[in-house]
Structures are given as structure tokens and as C-alpha cells.
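Novice: I'd like to go over a predicted model; first the sequence, then the structure.
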Amino acid sequence: MRASKWLLALVLGALACAPLAAQDHAKRENPAAIATTPPNPLPPEAVTSHVLELPGRTIRFTAKAGAIRLSNGKTGAPLADVAYVAFLKDGEDPAKRPLTFAINGGPGAASAWLDLGALGPWRLPLIGAAPSAPPITVDNADTWLDFTDLVFIDPPKTGYSRILAKDDAAAKSFFTVSGDIDALGVVIRKWIAANKRWESPKFIVGESYGGFRGPKLARRLSESEGVGIEGLVLISPVLDFAWFDGDNPLTYAGRLPSFAAAARGLTGLDGRKELADVEAYAAGPYIVDLLRGERDPAVLDRVSAKVASFIGLDPAFVRRLAGRVDTAAFDRERGRGKGLVASAYDALVMGFDPSPHAATSHYADPVLDALCPPLASAMADIYQKQLNWFVEARYDVLNKAVSQDWDWGSGQPDAVADLKQDLALDPHFRVLIAHGLTDEVTPYFATQLLINQIAPMGDPNRLRLVVYGGGHMVYALDASRAALRDEAQKLIEGK
């Protein structure tokens with residue numbers, strides 16, 4: 001499998017939250033067994049009032065849970081109901097109050113990750129979570145409600161959102177890069193109109209593939225929906241899939257510092273300072289030697305020895321891979337002696353290898369797959385008990401069918417061109433990109449190399465990269481979550 005396709009499998013959430021074999025069996029026994037969109041409509045919007053008692057402050061807010069109907073512009077035929085939950089701080093002037101739309105990735109991921117992981121009023125502790133962990137949330141002291149209202153959107157066939165289109169072509173249009181952006185743009189515009197928030201400063205937060213969506217969505221809103229976006233917060237984004245192609249030497253250069261961060265056990269907010277030697281090698285001698293190719297034994301010896309010294313693997317093993325260590329090899333090899341495998345989403349998190357003595361192994365990711373059940377249960381519980389919006393269906397926190405059906409079109413998906421256009425058109429537009437040191441799915445150094453190719457266009461601080469301890473869900477660590485909140489507040493408040 002080419003590395004780009006392997007990355008797609010991870011970013012898309014193709015590592016299933018439920019075993020695919022079990023889903024196939026259930027479908028054969030009962031075709032309706034795994035249905036997520038029963039025929040009954042989603043409930044009308046529910047509005048509830050809440051109080052958060054946090055250290056040093058009290059936040060009173062209103063929650064709105066509901067769905068926005070997307071329809072055919074010509075016939076009026078229903079196409080989809082897109083679920084949302086909005087948290088709006090009481091006592092604020094809506095015209096001046098910032099408004100942030102939050103979208104997760106996949107494609108196929110619901111917004112629970114950002115909602116319960118970092119931004120929302122209630123948080124599910126993620127460190128050490130197992131599938132059987134009780135889905136008990138706590139009041140989130142790091143909520144962004146202090147400085148912005150929040151609207152979490154679940155794209156079609158994620159969360160409780162559902163597709164209503166009877167025409168296959170219309171339904172499939174939601175599972176394309178452009179169709180997805182078009183739909184989300186309309187949802188945001190319709191929510192703004194329904195809630196009379198035209199004057200509010202508007203922002204988008206996107207994680208993973210949601211980070212890929214961010215620049216495209218800002219451009220789509222500006223060009224086609226008459227909605228201006230002031231800034232983006234992109235968390236663990238993949239901006240250009242071509243940089244993750246296994247035939248591209250930049251793939252290995254982009255991942256090397258994250259491998260080294262895991263080998264060195266870095267978790268702090270300033271851990272990148274301890275990777276200066278790795279970054280200098282990755283962006284210089286390593287790329288040069290990779291471009292020289294695999295025909296020169298001296299080059300292979302030099303590269304293999306250097307890479308092995310950085311990532312802590314057996315030099316002979318690294319030499320067999322010609323110094324080109326892919327993520328799957330790194331994650332399995334570093335724990336092989338103990339029968340463990342590392343998570344691609346955070347290489348410091350280890351789990352048991354179900355086939356430790358086999359040449360190859362297929363295993364659930366110790367982070368992604370472990371978090372799906374408690375997140376889904378916690379969201380269902382909050383919708384029912386806190387938000388008074390009960391849906392007779394499972395909450396799809398990560399829908400594998402969406403990733404399987406996604407049509408990428410031709411070429412490698414790229415959001416960098418959109419990001420450049422966003423920055424060039426509006427001198428006030430600003431972007432914060434956040435990564436975790438030990439995230440191998442969307443490694444921070446790949447984003448750094450991409451940012452280096454974007455002209456400053458005035459103030460270079462309009463586009464900033466911050467790197468903290470942690471993995472793909474960088475906010476899972478307390479210190480990283482608090483630091484990310486502080487940086488996001490500066491961006492949203494224009495500081």
C-alpha cells in the first residue's frame with residue numbers, strides 16, 4: 001500500500017471503531033441491524049440553559065441542539081439533515097460576540113472529538129481511555145466559551161446527521177471533496193441566518209481532515225455564500241496529501257522528527273527545542289541523501305546509521321529499510337520485544353499486539369479505536385440528558401462507510417492553494433496551526449515544510465505553527481489543551 005493511501009486510511013478513520021467482520025456478519029443476518037438513519041425525522045431544535053461553575057469563574061450559557069435541512073435548490077427535495085449543537089454564552093452582544101464553527105475530520109468523523117476533547121463546556125478525559133471506560137464527562141475548565149460561541153457540526157452520516165436523498169448521485173455528492181465543502185458552506189450560512197449572527201466575527205476550527213476542510217471552507221463561504229471568515233484554527237491538519245506519498249522523499253523527512261520525539265519520550269510544551277538536531281538533519285543531509293537514491297551503499301550506510309540513532313531502532317533493521325522507515329514499521333518494531341505496538345495517532349501510547357510473533361499483524365489502534373466507544377456513549381448521554389434532544393439511533397462518532405465511499409477525484413488532494421488565496425485576499429485573515437510532537441498521521445514537520453513555501457504576505461505572524469506534547473488529539477494532554485486554548489483566544493481576539 002502506498003504511503004499516501006495508508007495515510008488516507010488513517011485520516012479517513014478507516015481503522016474501524018467496530019470490527020468490519022462483525023459488521024458484515026450483522027448485515028448478512030439482518031440488513032437493518034447496522035442502520036444509522038431510521039425513517040423517523042430528527043427532533044425539532046431543543047433549547048436548554050446551563051451553568052458552568054469553574055475555578056475562578058461562572059459561565060451561564062444556552063445550548064441549542066437540532067438539525068439543518070439541505071434541499072435540492074430546484075425541486076425542493078430533501079437531501080440531508082445535518083445535526084449541530086451550539087453553545088452560546090448568555091449576556092453577550094451577538095453582534096460583537098465571536099462565533100466559531102467546529103468540524104472534525106475523517107471524512108466520517110463527527111464533532112465529538114473537538115466538542116468533548118477540547119472546546120465544549122463538558123469534557124471526556126481521554127488519557128488512558130479504553131472501550132469499556134465509563135463515558136463520564138467533567139466540566140471543562142479549558143472550554144473556549146469564555147471568548148467565543150461554539151457551533152459543532154456533524155457532516156452527513158456522522159453523529160446523528162443523515163442523508164435523505166433518494167437519488168444515488170445526490171447522496172454520493174456529499175462524499176466528494178467539493179460536494180462536502182458545498183454542503184458545509186450552506187449549513188454554516190443557514191445557521192447564521194436562522195440565528196441572526198451576520199455581524200458576529202466568524203472563525204472555523206478544523207481537526208485532521210477538518211483541517212484540510214478549513215481553508216477550502218473559508219474560501220467557499222467567501223466566494224459563494226456571502227460569509228466572511230476572520231480566521232482558522234487548524235488542529236493536526238493534513239494540508240497536502242502529496243507530501244505523504246511513499247515515493248516522495250519529503251514523506252520520510254516530514255515524519256523523522258515525530259519518530260525521534262517518540263524515541264526521546266518528549267511530552268512538554270517546548271519539546272520541539274530538543275529536536276533541533278533532528279529537524280536540521282531531516283531538512284538538509286537526509287533529503288539530499290534520499291534524493292541520491294538507493295544505489296550507493298555508502299549513502300545507505302550513512303543514512304541508516306543516522307536515522308537509527310535518532311529513532312532508537314536496531315540499525316540492522318533500519319538498514320534493511322534503506323533508512324526509509326515507514327510509520328507501520330516504526331510502530332510495530334519499537335515495541336516488538338514486549339509484544340506491543342505503538343499508536344500512529346500518538347507514538348507514545350502502546351497497546352498489545354494480538355499477533356506478536358507473526359511476521360505481520362493487524363491490530364486496532366490503541367488511541368483511535370479505544371476512544372470511539374466512550375466518545376459515542378458520552379455524546380449520546382449528553383444529547384439525551386443535558387440537551388434534551390433524543391434521537392433513536394446510535395451516535396456515529398466515526399463512520400467507516402463514509403471513508404469507504406469517499407470519491408477523491410483525480411490527483412492528490414491539496415488545501416494549500418486555498419490557504420494561500422485566503423491569506424492573499426484578506427490582510428486581516430489569520431491562521432493558527434497546532435500539532436502534537438508524537439503524531440505520525442499528520443506529523444508537525446511536514447506542515448512546517450509546507451508553511452515554509454507560503455510567502456509572508458505582510459505580517460508573517462498571520463500564519464503560525466505551534467507544537468506541543470501529545471499526538472493527533474494534541475488536546476488530550478492537560479498542558480497542551482490549556483496552551484492551545486490560550487493561543488486560540490489570542491487569535492480570535494485579534495491579539
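Specialist: Received the coordinates, thanks. As the structure is a computational prediction, the values presented were derived from the model and not from experiment.

Novice: tell me which residues in the lengthiest helix in the chain are buried?
Specialist: Longest helix of the chain, by residue count under DSSP state H: helix 177-194. Neighbour counts using 16 or more other Cβ atoms under 10 Å place 177, 180-189, 191-192 of helix 177-194 among the buried residues. Just so you know, the C-beta spots here come from the backbone N, C-alpha and C atoms, and that holds for glycine as well.

Novice: Mind picking the one among those that's closest to Asp369?
Specialist: Closest to Asp369 out of the buried residues of helix 177-194 is Asp180 (24.0 Å), distances taken as Cβ to Cβ.

Novice: what residues are up against the closest one?
Specialist: Counting by Cβ atoms under 8 Å, 6 or more residues apart in numbering, Asp180 makes contact with 107, 155, 174, 213.

Novice: Spell out which residues make up each domain of the protein.
Specialist: 3-241+372-492, 247-266+276-352 (automatic domain parsing).

Novice: weakest of the ones you listed by average pLDDT?
Specialist: Among the domains of the chain, domain 3-241+372-492 has the lowest mean pLDDT, at a mean of 89.

Novice: so how far is that domain off the chain centroid?
Specialist: Taking Cα atoms, centre = their mean, to the nearest Å, one finds the center of domain 3-241+372-492 at 8 Å from the center of the full chain.

Novice: What of stretch 258-275?
Specialist: That offset, for stretch 258-275, works out to 21 Å (Cα atoms, centre = their mean).

Novice: Could you identify the longest strand within the protein?
Specialist: strand 57-71 (DSSP state E).

Novice: packing partners for that strand?
Specialist: strand 46-54, strand 78-89, helix 177-194 (3 or more Cβ pairs under 8 Å, 6 or more residues apart in numbering; DSSP states H and E).

Novice: Identify the neighbouring strands of the shortest one in the sheet and state each direction.
Specialist: Each strand pairing with strand 46-54, determined using DSSP bridges, is listed with its direction: strand 57-71 (antiparallel).

Novice: which one of the helices and strands packed on strand 57-71 lies closest to Glu392?
Specialist: Across the helices and strands packed on strand 57-71, closest to Glu392 is strand 78-89 (Cβ to Cβ), at 13.6 Å.

Novice: quick one: buried residues of that closest one?
Specialist: Quick answer for strand 78-89 (16+ other Cβ under 10 Å): 78-89.

Novice: Now tabulate those residues in JSON lines and tack on distance to Pro413.
Specialist: Listed next are those as JSON lines, based on distance: Cβ to Cβ, whole Å:
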{"residue": "Pro78", "distance to Pro413": "29"}
{"residue": "Leu79", "distance to Pro413": "23"}
{"residue": "Ala80", "distance to Pro413": "22"}
{"residue": "Asp81", "distance to Pro413": "27"}
{"residue": "Val82", "distance to Pro413": "22"}
{"residue": "Ala83", "distance to Pro413": "25"}
{"residue": "Tyr84", "distance to Pro413": "25"}
{"residue": "Val85", "distance to Pro413": "28"}
{"residue": "Ala86", "distance to Pro413": "29"}
{"residue": "Phe87", "distance to Pro413": "31"}
{"residue": "Leu88", "distance to Pro413": "34"}
{"residue": "Lys89", "distance to Pro413": "36"}
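
Novice: could you give the angle of the longest helix of the chain to strand 57-71?
Specialist: Using axes from the mean of the first three to the mean of the last three Cα atoms, to 10 degrees, the direction of helix 177-194 lies 120 degrees away from that of strand 57-71.

Novice: Now do the same contact list for Tyr345.
Specialist: Counting by Cβ under 8 Å, 6+ apart, Tyr345 has contacts 10, 365, 367-368, 439-441, 471-473.

Novice: Does it belong to a helix, a strand or coil?
Specialist: coil (DSSP: H, G, I helix; E, B strand; the rest coil).

Novice: Relative to Asp478, how far out is it?
Specialist: Tyr345 sits 18 Å away from Asp478, going by Cβ to Cβ, to the nearest Å.

Novice: Quick check: Arg255 vs Val441, distance?
Specialist: 10 Å.

Novice: Mutual contacts of these two, please.
Specialist: Thr327.

Novice: still on that earlier bit, now, which of the contacts of Asp180 sits nearest Arg60?
Specialist: Nearest member of these to Arg60, counting by Cβ to Cβ, is Pro155, at 30.1 Å.

Novice: quick check, the closest one in a strand?
Specialist: No - secondary structure of Pro155 (three-state DSSP): coil, not part of a strand.

Novice: check contacts around it.
Specialist: 82, 103, 106-107, 161, 174, 180, 183-184, 402.

Novice: go again using 7 Å as the cut-off
Specialist: 82, 161, 180, 184 (Cβ atoms under 7 Å, 6 or more residues apart in numbering).

Novice: and those residues, which two are the farthest apart?
Specialist: Ser161 and Asp180 (12.2 Å).

Novice: how long is stretch 379-399 end to end?
Specialist: 15 Å (Cα to Cα, to the nearest Å).

Novice: buried ones in it?
Specialist: Neighbour count says stretch 379-399 has 379-380, 382-383, 386-387, 389, 391, 393, 395-399 buried, by 16+ other Cβ under 10 Å.

Novice: cool, and stretch 111-123?
Specialist: Buried residues in stretch 111-123 (16+ other Cβ under 10 Å): 111-123.

Novice: Check the separation of the first and last residues in it.
Specialist: 13 Å.

Novice: Now do that stretch: everything it contacts.
Specialist: 50, 52, 61, 87, 102-104, 124, 126, 137-140, 142-145, 150, 152-154, 159, 205, 207, 375, 378-379, 382, 397, 473, 475-476, 481, 484.

Novice: now those: which count as buried?
Specialist: 52, 61, 87, 102-104, 124, 126, 137, 140, 142-145, 150, 152-154, 159, 205, 207, 375, 378-379, 382, 397, 473, 475-476, 481, 484.

Novice: Among those residues, name the ones in strands.
Specialist: 52, 61, 87, 102-103, 150, 152-153, 205, 207.

Novice: Looking at these, which one is closest to Leu340?
Specialist: Distance to Leu340, by Cβ to Cβ, is smallest for Glu207 among those, at 26.8 Å.

Novice: So in terms of bridging, what pairs with that closest one?
Specialist: Ile235.

Novice: Dihedrals phi and psi, Thr438?
Specialist: phi -110, psi 30 (degrees, to the nearest 10).

Novice: wait, Ile287
Specialist: Per degrees, to the nearest 10, the residue geometry at Ile287, taken as phi and psi, is phi -60, psi -40.

Novice: how much space between it and Ala455?
Specialist: On the measure of Cβ to Cβ, Ile287 and Ala455 end up 22 Å apart.

Novice: okay, the two: which has more neighbours?
Specialist: Applying other Cβ atoms under 10 Å to Ile287 and Ala455 shows that Ile287 carries more neighbours, namely 16 against 10.

Novice: who touches that one in this structure?
Specialist: 249, 253.

Novice: From Leu70, how far out is it?
Specialist: Counting by Cβ to Cβ, the gap from Ile287 to Leu70 is 45 Å.

Novice: and what of Glu223?
Specialist: Distance from Glu223 to Leu70, by Cβ to Cβ: 19 Å.

Novice: Neighbour count: the two, which is higher?
Specialist: A count of neighbours by other Cβ under 10 Å puts Leu70 above the other of Glu223 and Leu70, at 24 against 12.

Novice: now the more buried one, which residues is it bridged with?
Specialist: Beta-bridge partners, per DSSP bridges, of Leu70: Ala80.

Novice: And the strands in the protein, which stretches?
Specialist: For the chain, the strands defined by DSSP E cover 46-54, 57-71, 78-89, 99-103, 122-123, 138-139, 149-153, 162-163, 202-207, 231-235, 340-342, 350-352, 430-436, 463-468.
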